[in-house]
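Peer 1: next input, structure requested:
(2 chains)
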Amino acid sequence: MVGAGSIASRTLGASRITARLHRFELVAFSGLAVLGVLATIVIAAQLDAVGWTGECDAAMRRGEVAAGCEFKINEFYGIVSSRGWIVSGLTGFVPLAAALLIGVAVVGREIERGTTRLAWALTPSRMRWLAQRLVPVLLFVAVIGLVLGAAADRWIAAAEPGIDPANAFAGFGTRGPVLAARALFVLALAVAVGAALGRALPAVMVGGVIAIVGIIGGSEVHQRILRSEAVVIDEAALGPGDLWIDQRFRLADGTLVGWEDVERYDPPPAEFDDETVWPTLPQVTIGIPGSRYGEVAVREIAALAGGTIVALALTAAIVTRRRPG
Amino acid sequence: MDFGFEAHGLGKRYRRRWALRDVDIAVPEGSITALVGPNGAGKSTMIKAGVGFERPSTGRVLVHGVDPWRDRAGAIAQVGYVPQAPSLYRELTVDDHVRLAVTLRPGFDPDLARARLDQLSIPLDSRADELSGGQQAQVGLALALGARAPVLLLDEPLASLDPLARREFLHVLVDAVRADGATALLSSHVITDIEQACDRLLVLGGGRKLLDLSIAESLAAHRIVEGASAADDVVGTFMDATGESVSLVRSRSAAPAHGRPATLEEVVLGHLAAGRDRPAVRPVAA
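Peer 2: Numbering: from 1, shown residues only, chains lettered A, B, ... in the order given. Got it, this is the predicted structure:
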């Protein structure tokens, strides 16, 4: 009978071996993640130091420039436009790139190099081998995704004053736990594609395309679901954290019409000048209140987790059946 | 008699080409059998079928009585496998490979594997990509032996080794097999080396079995003659080292022996020549 200590020792040993096999990628992406976190801390602190507050932002939305805000506006948006890409690039790119590049290597590179001939002939269970390879990299990508997702939350809070990241759709999908869920989904896809193709470089290309299509397609489906759940938000009540989906105009009887119909109910003036206001009908926004962010994020994470599980099950089926290369 | 490795009506087809067809063999337990044949003869295919890496198109393989395609886990537990190329992880040290084997295979004997490597002065802390081809092959063999499996399947492990490394490899193999009473099936092109190590000879050609005898029987059952007569039971005709055409004939106990005794290489060449002259396994009709 195998003791718990023996199993723990074997699991630890297997994790160490997997870490050595992916040492370059793990070190490189850990370094980039640390860089992303440091960049977020430093640049967000620089934004905080400007003192650009929600009041200034609210005043700007009303078309006013409050006293002392003009300088801050320039300085604040100067930092956002000149350095913001470093943060959003690192926090958004690193988890997904790590997932793709490590994912294709987990099975694909082993088949390509022929090491599966040794490993699969040694182990009575290919699933044991797959688990040993997969679990450490799943944990690594999850941690990288969560850490950089938290960094991206901090960035959004600093770069969009007046919003609460826990109740705002700004940067949806590129921050918080949703980013980690996307990274895990990409990892699972990359592992499956690597296992199917048995070659790392083609798997990076094919896996990358499938991941992009998967994420965009998934977002499109999610957007349609959100569209069906959208509510009317009065223009005045629209907050910076709300998800804008569409614009409508409210008729006197309360009916909502879109841009395509507005001319029928609110004919445009014969001539426009700078003072002309048209349409004159009150505008409303169709959207999702920012207070629903948490619930929508959980749903997105659940959908991505489902996709991840399907991709991992596909990998297991491929690994069980395929030749070792 | 018990058999370590059996093939019954074994056939393997890749698209329209048969790599193996209707092969029946039975490798007795405790023997070291040389599997010999030209490139494309089906040697690797047969060995891979034994590890469950290839699914037979027809027939089946049994490893220590277990069909790898029906019970892969059961079959793998019976097999120590040395692939054609050493297939080591270049990022890992030799000792990492031993640890890897421990995590992957229940019952793996790391002390045995380390002792074998120590005997050969292969440093455990060396990375796989720092080892010579011979050392890499020895690591592959040590891992297969550490599995303490009753059957060893070795897929041309000698192909890329120099003569000294080949001799060392075979020495370790023979010692281990004799000590453990294991059964080994060793595919190779290098007939002079296997003559010392193996006790059986299995010749494949064109996807078919051409010869399956003990080494002693193979030598006793054949002679070499120049200018064979119609009375001779000619197996095959080929050119010897001097460029002369010679024939391998079957010895007949009733008839007076003529010609000279055949070497093992000549036995193999004669049967391969026969296999070459015989209609090979044809592609499947479209």
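Peer 1: please enumerate the helices of the stretch 1-150 of chain A.
Peer 2: Secondary structure of the stretch 1-150 of chain A (DSSP state H, counting those that start in this stretch): helices located at A:4-21, A:23-50, A:54-61, A:69-104, A:110-113, A:115-122, A:126-159.
Peer 1: can you tell which of the ones you listed is closest to B:Ala176?
Peer 2: Taking CB to CB, helix A:115-122 is the member of those nearest to B:Ala176, at 16.6 Å. No exception for glycine: its C-beta is placed from N, CA and C like everyone else's.
Peer 1: other SSEs contacting that closest one?
Peer 2: Helices and strands touching helix A:115-122, by 3 or more CB pairs under 8 Å, 6 or more residues apart in numbering or on different chains; DSSP states H and E, are helix A:126-159, strand B:79-82, helix B:94-104, helix B:133-146.
Peer 1: out of these, nearest to B:Arg252?
Peer 2: Ranking the helices and strands packed on helix A:115-122 by proximity to B:Arg252 (CB to CB) places strand B:79-82 first, at 39.6 Å.
Peer 1: by contact count, what packs against the closest one?
Peer 2: Using 3+ CB pairs under 8 Å, 6+ apart: strand B:79-82 touches helix A:115-122, helix B:43-51, helix B:133-146, strand B:151-155.
Peer 1: and of these, who's closest to B:Gln196?
Peer 2: strand B:151-155 (15.3 Å).
Peer 1: distance from the chain centre to the closest one, please.
Peer 2: When C-alpha coordinates are averaged (CA atoms, centre = their mean, to the nearest Å), strand B:151-155 and its chain have centres 7 Å apart.
Peer 1: dump the lowest-mean-pLDDT helix or strand in chain B to CSV, keeping only the CA atoms.
Peer 2: Within chain B, judged by mean pLDDT, DSSP states H and E, the helix or strand with the poorest mean is helix B:191-197; its value is a mean of 82. Included here for helix B:191-197 are C-alpha records, laid out as CSV according to Å, rounded to 0.1, in the frame of the first residue of the first chain:
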residue,chain,number,x,y,z
ILE,B,191,24.7,-9.3,-36.7
THR,B,192,28.2,-9.9,-35.4
ASP,B,193,27.3,-8.3,-32.0
ILE,B,194,24.1,-10.1,-31.5
GLU,B,195,25.6,-13.5,-32.2
GLN,B,196,27.5,-13.3,-28.9
ALA,B,197,24.5,-11.9,-26.9
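Peer 1: hmm, back to that, can you tell me which of the helices of the stretch 1-150 of chain A is most buried?
Peer 2: Stretch with highest mean neighbour count among the helices of the stretch 1-150 of chain A: helix A:115-122 (a mean of 26; mean count of other CB atoms under 10 Å in any protein chain shown).
Peer 1: please compute how far it lies from its chain's middle.
Peer 2: So, by CA atoms, centre = their mean, the centroid of helix A:115-122 is 36 Å from its chain's centroid.
Peer 1: what's the angle between it and helix B:43-51?
Peer 2: Per axes from the mean of the first three to the mean of the last three CA atoms, to 10 degrees, the angle that helix A:115-122 makes with helix B:43-51 is 50 degrees.
Peer 1: the domain parsing of chain B - what is it?
Peer 2: Taking automatic domain parsing as the criterion, chain B consists of the domains B:3-212, B:221-277.
Peer 1: burial measure for A:Ala166, as a count.
Peer 2: Other residues near A:Ala166 come to 14 when the count uses other CB atoms under 10 Å in any protein chain shown.
Peer 1: can you give me phi and psi for A:Gly287?
Peer 2: Here is the backbone geometry of A:Gly287 (degrees, to the nearest 10): phi -170, psi -170.
Peer 1: show me the beta-bridge partners of it.
Peer 2: Assessed by DSSP bridges, A:Gly287 has beta-bridge partners A:Val231, A:Trp244.
Peer 1: contacting residues around it?
Peer 2: By CB atoms under 8 Å, 6 or more residues apart in numbering or on different chains, the contact set of A:Gly287 is A:230-231, A:233, A:238, A:242-246.
Peer 1: min pLDDT across the residues you listed, which one?
Peer 2: For the contacts of A:Gly287, the weakest pLDDT value sits at A:Leu238, with 84.
Peer 1: wait, isn't that residue in contact with A:Gln283?
Peer 2: No. Contact criterion CB atoms under 8 Å: A:Leu238 and A:Gln283 do not qualify, at 9.6 Å.
Peer 1: before we move on, the earlier item: which of the helices of the stretch 1-150 of chain A sits closest to B:Asp111?
Peer 2: helix A:4-21 (15.7 Å).
Peer 1: distance of the residue nearest to A:Arg109 when sequence neighbours are not counted from chain B?
Peer 2: Spatial nearest neighbour of A:Arg109, excluding adjacent residues (CB to CB, 6 or more residues apart in numbering or on different chains): A:Ala200 at 4.4 Å. Distance, A:Ala200 to chain B, by CB to the nearest CB, to the nearest Å: 14 Å.
Peer 1: tell me the pLDDT at A:Ala200?
Peer 2: 92.
Peer 1: what parts of the stretch 51-200 of chain B come near chain A?
Peer 2: B:51, B:53-54, B:72-74, B:76-77, B:79, B:81, B:83, B:85-92, B:96, B:99-106, B:108, B:140, B:143, B:147 (CB under 8 Å from any CB of the partner chain).
Peer 1: thank you kindly, that will do.
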